[in-house]
Structures are given as structure tokens and as C-alpha cells.
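Trainee: Okay, structure incoming, though there's no sequence with it:
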Ligand SMILES: Nc1ncnc2c1ncn2[C@@H]1O[C@H](COP(=O)(O)OP(=O)(O)O)[C@@H](O)[C@H]1O
Ligand SMILES: O=P(O)(O)OC[C@H](O)CO
């Protein structure tokens, strides 16, 4: 038999990647396609789920062809995905009834305010581990049910969508569910993705009837919830026909949980931070769902077949790498890599602080109406100071969640594993180490998200047998330790905290 590998679909916010890994966790094939970002109104963000499905097929074909691999060489496929992004589709036609609403979208902010006014926040946190916010899927699904136009469904019978949803004719999914459905024909999600919907009770491991009533979402619309690594598999690619092979789809995790798994953070206290569009800091808390008292989320980390659910604490920071993209948008830099040289060319930010609260603030502040701000500018402020302040904002936001994480878990962090597009930046990694006074460890395979879902799928089909095999695959690329001569860090962090206060509640009258 030809050599076997495991494939991973990484369906991210900006694009979709397919990677193929060998037994030692090394990448043997890789292809990537971006998809359109649709901004129908300020604060709204949508994706065309059919475009994402087309791009998914394309990257699978491209990667296999580039590496001269046949689909029969894939022992399994895993899926990892941007979380919370919500799509509803027609079970009969397989077509979405509306563009998917992306996790960053703020259109349901007012709806979330009503939950606050009605004192439902504690109930929601207690059941789901989540802070009531437009970020999660529940209010997006509710909006789609209320606002999708039946006429646009291109069906002869423009019936009420909720009636059809109650019959299971309209289906709900996050992007894992959508792709599993398209690949295998089965309506399935994994526990980690379910835990981000604000409809799932993470303690009882089931959809929650009180929440389903609150958002008027019918159980019939919802996918079956399975382990992240499923020995029974979710189905096989034969249903979609495009690969012309029966490859089992056997693992799925939301992308941040996949990075936790790919970084082999299998034990209680293990933590990682991923620096992409936003940053997501997760700590494995084992079989215990730790309630946060400091603004973190309690979420499901992963589950293997026949084993208990493993929980995690999460600090979700909405804008980090996206702030670097903004510097590019306003022509302060030509490309993200340039930030390193520009930041090094000045000794400090000259007391300038930039708070990139472009879409509100996530953990630990949870202010939907905060907006971006730059404070402390003088006539002498140069673009180098702004660029450095932007990199510092990434590190300071991470300290905000790191402090909350230590307070909630009682674990003092000595070392943090990092990954994501922005950790190529050595200046940022060193800065991060100084600002949280902890070692920062960057692994050799930086595509830990894809790797995590490949591991989940490969474990399910016996391609890998034990977690120790995976631990052995993990190799350090570079370790950053706090500089002995880094001075004034706490004072600057105090100034940062003041700057954050100034960004809060800015869009209080915007209605967004
Ligand atoms: N050298 C760099 N320094 C700082 N940020 C960077 C650098 N290279 C890439 N980035 C940022 O990393 C992000 C892309 O990371 P990635 O992990 O691919 O994100 P995502 O999965 O969210 O799409 C972009 O927002 C980009 O601005
Ligand atoms: O697609 P990414 O990497 O920006 O991740 C998005 C997160 O899953 C949102 O919760």
C-alpha cells in the first residue's frame, strides 16, 4: 500500500487551507485560498458558505496534486474552523438561506443588551461558560431565522422559515458542521464547536432547552454532537463524490481548541496563545470546568471517543493581528513583517498607547461598545511609535488575559507556547516575554491548528496510537526569556490599563 498520511482542512476567517501531515507531524502538502469578506453594513461581516465549500474542494485537490499524492493515501481527514460563524441551509437543496454571519459581526449587539437588561447573563454563563455577547452563534442564528427572505430561497413555496426549521428542513451549523455535511452528507458537529454556540450546556453535554426557547431555535435544526476525535468517524468523503475515494472524516475542533491539541497541551495547566486575526489564550483545566471570576470563558477543550470531556479556560482577544492589517490599510506599513524593523528603530512608544478595540473588547473586559483609540500623541509622534504601540497592544492585551488566567486557575505561568501568523515577529515574542514575565516557546511546526485536527482524526483511525507519540513530535523552534534589563514594564502596563478605560463605551449611541 502507498504511504499513508493524514489531511487537515483549516477553514479560517480569511481563507481555507488544506495540509497533509506525515507520521512525525511534518507537513508534506499545503494549499491555501482566500475567500471574500462581505461587509453589507458597518459592523457586519459575512461569508459566502458556498464559496467556502468550493475553495475547500479546490485546496484539497491543489495540495494533493502539488505533492503528487492520491486521495487513497489519506488515512483520514480532520477539520478545524473559525468558530461561532453561523450558517443556516436548506436540507433539500443543500444551499445556504443567507450568507454566513461571521464571529466578528456586531449586528446583534442590541439583542445581547436585552439579555443583560433581563438579567439572563448569569444563567447563560452558568450553562454555557460564555459571556453573553454578539460574538457567539445563538443571536446570529436567531437573526437569520428572523431576517432571511423566503423568496430568496428559490423554492416554489415561500413558507415561514421557522416552520420549516421546526421540521428539520432548515439546518444550523458552524463551519465544521457545514463542511462535514458537504463532505459526508451527515449533520454533525463536535463538542468544542457546540460549546461556542451559546446554545449548548457544557456541564450536561447537550443542547439546552431553556436557551433554545430563548433564541427560538428548534432542536430539529441542530447537529448531532460528537467527540472531537471520533472512532466511529463522522462519515466518509464518498458522499461528496469529488475526491473519488472513501476517506473517513474523523476529527473536528474549533481552531483555537485545535491549536491547544496541536501544541500537545493535553494536561491540566498546559497553555497556549495563538496570534492570528485575534488572539486566543487557552489553558487546559482537565475534567473540571473552572468558572471564571475574572472575565474569561469556560469552554470545552477537546474530547476523545469514550473519554470524558476536557475543559479549558479561554481569553478571547478580538483584534491583534488585525491591528497590524489596519496599519497596512492606512499605509503606515507595506506588509506585516515590516513592523519588526520599524518598532526596533525607536526606543519606546514615547508614551503613546493604541487600543485596537475596533469591534469592541473581548476578554477580560467584555465591552461591546468600546472602540479603537490612540492616546498620548504629541507633535513629535512618528509612525514608528504608532507601529511599536500596536505591537505593544498585542502583548498588553495578552497580559490582561494572562493575569485573569493565573487568578482563575491559581497556576502561576512559567512558560507559554505560542503560534499563529504574528509569532514570526521576534520583536513581538521578546516583548511578550518581558510583558508577562514568562518564557515564550515557539514550536517548529507553526501550523498547530491544522496539526491539532489532523492529530484528532489520525488518533480516531489508529494512524497514531497514543498521546505520547504526539508529544514526541513537538519540537522547539525558539524560546524567548524575559530580558533582565527590561525596566518599567509594570508602570507601562498601568498606563495601558488607563488607555483601555478611555476606549470603553465609546459607541454607546451608535446602535451597532
Ligand atoms: N511579521 C508579523 N508581525 C506581526 N503580525 C504579523 C506578521 N505576519 C503576519 N502577521 C499578522 O498575522 C495575522 C495572520 O495570522 P494567521 O494565523 O494566518 O491568522 P488567521 O488564522 O486569523 O487568518 C494577520 O493579521 C497579520 O497581520
Ligand atoms: O479564523 P481565526 O484564526 O481568525 O479564528 C477565529 C476564532 O475561532 C474566533 O473565535
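Mentor: Received, thanks. Only a predicted model underlies this, so the values are computations on that prediction, with no experimental measurement involved. Ligands and ions are numbered 1, 2, ... in the order given.
Trainee: Let me see the contact set for the closest residue to residue 448 other than its chain neighbours.
Mentor: Closest residue to residue 448 apart from its sequence neighbours, by Cβ to Cβ, 6 or more residues apart in numbering: residue 262 at 3.4 Å. Heads up, the C-betas are built off the backbone N, CA and C, glycines and all. Residues in contact with residue 262 (Cβ atoms under 8 Å, 6 or more residues apart in numbering) are 419, 445, 447, 448, 449, 450, 451, 452, 453, 454, 455.
Trainee: which phi and psi does residue 262 have?
Mentor: phi -70, psi -30 (degrees, to the nearest 10).
Trainee: how about the residues of the stretch 101-250 of the chain near ligand 2?
Mentor: Contact residues, the stretch 101-250 of the chain versus ligand 2 (Cβ under 6 Å from any ligand atom): residue 103.
Trainee: Which members of the contacts of residue 262 occur in strands, if any?
Mentor: residue 419 (DSSP state E).
Trainee: What is the subsequent helix or strand relative to the helix or strand bottoming out on mean pLDDT in the chain?
Mentor: When each helix and strand of the chain is scored by mean pLDDT, DSSP states H and E, helix 161-166 comes last, with a mean of 86. As assigned by DSSP states H and E, the chain's next helix or strand after helix 161-166 is strand 170-173.
Trainee: Could you list every helix and strand that that following strand packs against?
Mentor: strand 87-90, helix 137-147 (3 or more Cβ pairs under 8 Å, 6 or more residues apart in numbering; DSSP states H and E).
Trainee: For those, give me a markdown table that also has distance to residue 253.
Mentor: Supplementary listing: those in a markdown table, determined by distance: least, Cβ to Cβ, whole Å:
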| stretch | distance to residue 253 |
| --- | --- |
| strand 87-90 | 18 |
| helix 137-147 | 16 |
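Trainee: want to throw those into TSV with mean pLDDT and mean neighbour count?
Mentor: Below are these laid out as TSV (pLDDT from 0 to 100; neighbours: other Cβ atoms under 10 Å):
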stretch	mean pLDDT	mean neighbour count
strand 87-90	95	23
helix 137-147	94	22
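Trainee: returning to that earlier point: tell me the least confident of the contacts of residue 262?
Mentor: Minimum pLDDT across the contacts of residue 262 is recorded for residue 445, with 81.
Trainee: Quickly find the element holding residue 399.
Mentor: Short version, using DSSP H and E: residue 399 is in helix 383-409.
Trainee: which strands and helices sit next to that helix?
Mentor: Using 3+ Cβ pairs under 8 Å, 6+ apart: helix 383-409 touches strand 271-275, strand 279-286, strand 310-317, helix 321-329, helix 338-344, strand 353-355, helix 426-436, helix 489-503.
Trainee: distance between the third one and the chain's centre?
Mentor: Spelled out, that is strand 310-317. 11 Å (Cα atoms, centre = their mean, to the nearest Å).
Trainee: Also the fifth one?
Mentor: Using Cα atoms, centre = their mean, the mean C-alpha position of helix 338-344 is found 27 Å from that of the whole chain.
Trainee: Okay, buried residues for that helix please.
Mentor: 339, 340, 342, 343 (16 or more other Cβ atoms under 10 Å).
Trainee: Quickly name whichever of those is closest to ligand 2.
Mentor: residue 339 (18.5 Å; Cβ to the nearest ligand atom).
Trainee: so how far is residue 185 from residue 241?
Mentor: Going from residue 241 to residue 185 by Cβ to Cβ, to the nearest Å gives 10 Å.
Trainee: Tell me which helix or strand residue 131 sits in.
Mentor: Applying DSSP H and E, one finds residue 131 in no helix or strand.
Trainee: For it, give me its contacts.
Mentor: 121, 125, 295, 297, 363, 366 are the contacts of residue 131 under Cβ under 8 Å, 6+ apart.
Trainee: and residue 153, what pLDDT?
Mentor: 51.
Trainee: Please disregard the earlier target; I meant residue 510.
Mentor: 61.
Trainee: and what of residue 484?
Mentor: For residue 484, pLDDT reads 80.
Trainee: Got phi/psi on it?
Mentor: The phi/psi pair for residue 484 (degrees, to the nearest 10) is phi -60, psi -30.
Trainee: What is the neighbour count of it?
Mentor: 7 (other Cβ atoms under 10 Å).
Trainee: next one: residue 382
Mentor: 13.
Trainee: so it touches residue 345, yeah?
Mentor: No: judged on Cβ atoms under 8 Å, residue 382 makes no contact with residue 345 at a distance of 9.3 Å.
Trainee: Quick check: which ranges of the stretch 51-200 of the chain have low pLDDT?
Mentor: Scanning the stretch 51-200 of the chain for pLDDT under 70 picks out 149-159.
Trainee: now with 80?
Mentor: 148-160 (pLDDT under 80).
Trainee: Would you map the helices across it?
Mentor: Using DSSP state H, counting those that start in this stretch, the helices of the stretch 51-200 of the chain run over 109-117, 121-128, 137-147, 161-166, 175-184, 191-194.
Trainee: what's the closest of the ones you listed to ligand 1?
Mentor: helix 175-184 (12.7 Å).
Trainee: count of neighbours near the closest residue to residue 357 other than its chain neighbours?
Mentor: Nearest residue to residue 357, sequence neighbours excluded (Cβ to Cβ, 6+ apart): residue 370, at 4.0 Å. Using other Cβ under 10 Å, residue 370 has 25 neighbouring residues.
Trainee: Contacts only, for residue 370.
Mentor: 355, 357, 360, 361, 503, 504, 505, 506, 507.
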